[in-house]
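A.B. asks: Okay, here's the prediction I keep looking at, along with the sequence it came from:
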Amino acid sequence: MDKISVLGLAIGIAAIVGGQVLEGGHAASLAQPVALLIVLGGTLGAIMLQSPYATFMRGMRMARWIWFPPAVDYRQMIRRISGWSQLSRREGLLALENTLGQLRDDFERKGLQLLVDGAEPERLREVLEVDIATYEGELKSSARIWEAAGGYSPTIGILGAVLGLIQVMENLSDPSKLGAGIAVAFVATIYGVGLANLVFLPISNKLKAHIGRLVAQREMIVDGLVGIANGDNPRIIESRLQGYIF
């Protein structure tokens with residue numbers, strides 16, 4: 001689990017609720033289910049309207065990366081590519097064919113298959129970079145639904161505030177009903193702005209960071225395979241791949 005995500009969210013919420021209490025207010029006054037329903041429901045509807053089904057569902061599934069990031073082990077990948085390089089140098093490229101059945105990742109398998117089939121280095125890079133561009137584009141379009149949610153929710157919060165004020169205006173003759181309407185009006189704005197800046201936009205940015213790591217791993221694979229295809233020394237390939245570690 002990504003502990004810094006849990007800690008960051010907890011600190012953000014605690015700061016807002018703690019500030020409310022320190023100013024003499026009550027934490028319970030921030031609990032307005034109607035306001036939350038307006039903001040979450042309106043924001044969800046907006047991002048569903050703007051997104052294709054596959055993109056929306058992929059973006060929802062990617063949210064778990066905030067707590068459980070995708071595994072990216074650059075050092076293990078360098079060791080694997082270095083092993084391929086040494087094997088091909090000793091026994092030739094065809095010896096790598098026995099390795100194909102051990103690979104679970106489709107991208108690795110495709111790249112190694114192209115290498116075994118004798119693809120020219122530049123053609124190998126060209127084919128795999130198209131795959132990388134498509135992969136990166138799909139992931140980024142899915143991550144952008146959270147960025148879109150961060151843009152919509154403050155506006156939906158203002159909409160909730162207007163709805164609360166309408167309720168206030170309709171019940172001016174009944175003071176007992178004014179408090180609920182005013183509470184919804186102000187808390188809806190807090191929910192809209194708070195969710196945008198504490199949840200939706202940070203999720204989007206963190207997903208983009210994870211996508212960058214995944215893309216870098218694939219670029220590392222391409223760089224290593226092209227080096228093998230060019231017949232580079234295994235030590236040179238390994239040294240170059242070390243530059244991907246940061």
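C.D. replies: Nice, thanks for sending it over. Numbers count the residues shown, from 1 in each chain.
A.B. asks: Low-confidence ranges, this protein, go.
C.D. replies: The chain contains residues with pLDDT under 70 at 174-181, 183-184, 246.
A.B. asks: can you list the domains in it?
C.D. replies: What automatic domain parsing lists as the domains of the chain is 1-31, 32-246.
A.B. asks: count of residues packed around G194?
C.D. replies: 20 (other CB atoms under 10 Å). For the C-beta atoms, the positions are set from N, CA and C on the backbone; glycine is no exception.
A.B. asks: does it sit in a helix or strand, and which one?
C.D. replies: helix 178-195 (DSSP states H and E).
A.B. asks: which residue ranges form the helices in the chain?
C.D. replies: 3-22, 33-50, 53-62, 74-91, 106-116, 121-170, 178-195, 201-229, 234-241 (DSSP state H).
A.B. asks: Look through the chain and report the residue furthest from the middle.
C.D. replies: Going by CA atoms, centre = their mean, the residue of the chain most distant from its centre is S173, 49.7 Å out.
A.B. asks: And the nearest residue to G157 once chain neighbours are set aside, how close does it get to G18?
C.D. replies: Spatial nearest neighbour of G157, excluding adjacent residues (CB to CB, 6 or more residues apart in numbering): G192 at 1.8 Å. Using CB to CB, to the nearest Å, we find G192 at a distance of 21 Å from G18.
A.B. asks: Looking at these two, which one has more neighbours?
C.D. replies: A side-by-side neighbour count of G192 and G18, using other CB under 10 Å, places G192 first with 26 against 12.
A.B. asks: sorry, back to before: check contacts around the residue nearest to G157.
C.D. replies: Residues in contact with G192 (CB atoms under 8 Å, 6 or more residues apart in numbering) are 39, 153-158, 160.
A.B. asks: Could you identify which of the residues you listed has the most neighbours?
C.D. replies: V39 (30 neighbours).
A.B. asks: Identify the residues contacting it.
C.D. replies: Counted by CB under 8 Å, 6+ apart, V39 has contacts 153, 156-157, 160, 188, 191-192, 195.
A.B. asks: separation between it and Y244?
C.D. replies: Counting by CB to CB - V39 and Y244 are separated by 41 Å.
A.B. asks: The nearest residue to I236 once chain neighbours are set aside: what's it in contact with?
C.D. replies: Distances taken as CB to CB, 6+ apart place G227 nearest to I236, at 7.2 Å, with adjacent residues excluded. Applying CB under 8 Å, 6+ apart to G227 gives the contacts 85, 236-237, 240.
A.B. asks: Tell me which residues of stretch 82-101 come out buried.
C.D. replies: 82, 84-89, 93, 96, 99 (16 or more other CB atoms under 10 Å).
A.B. asks: sorry, that was for stretch 68-83
C.D. replies: For stretch 68-83, a neighbour-count test (16+ other CB under 10 Å) marks 69, 74, 77-78, 80-82 as buried.
A.B. asks: Show me the contact partners of that stretch.
C.D. replies: 1-2, 210, 213-214, 216-217, 220-221, 224-225, 228, 234, 237-238, 241-242, 244-245.
A.B. asks: returning to that earlier point: now render the buried residues of stretch 68-83 as JSON lines, adding distance to R125.
C.D. replies: Below are the buried residues of stretch 68-83 laid out as JSON lines (distance: CB to CB, whole Å):
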{"residue": "P69", "distance to R125": "28"}
{"residue": "Y74", "distance to R125": "19"}
{"residue": "M77", "distance to R125": "17"}
{"residue": "I78", "distance to R125": "18"}
{"residue": "R80", "distance to R125": "19"}
{"residue": "I81", "distance to R125": "15"}
{"residue": "S82", "distance to R125": "19"}
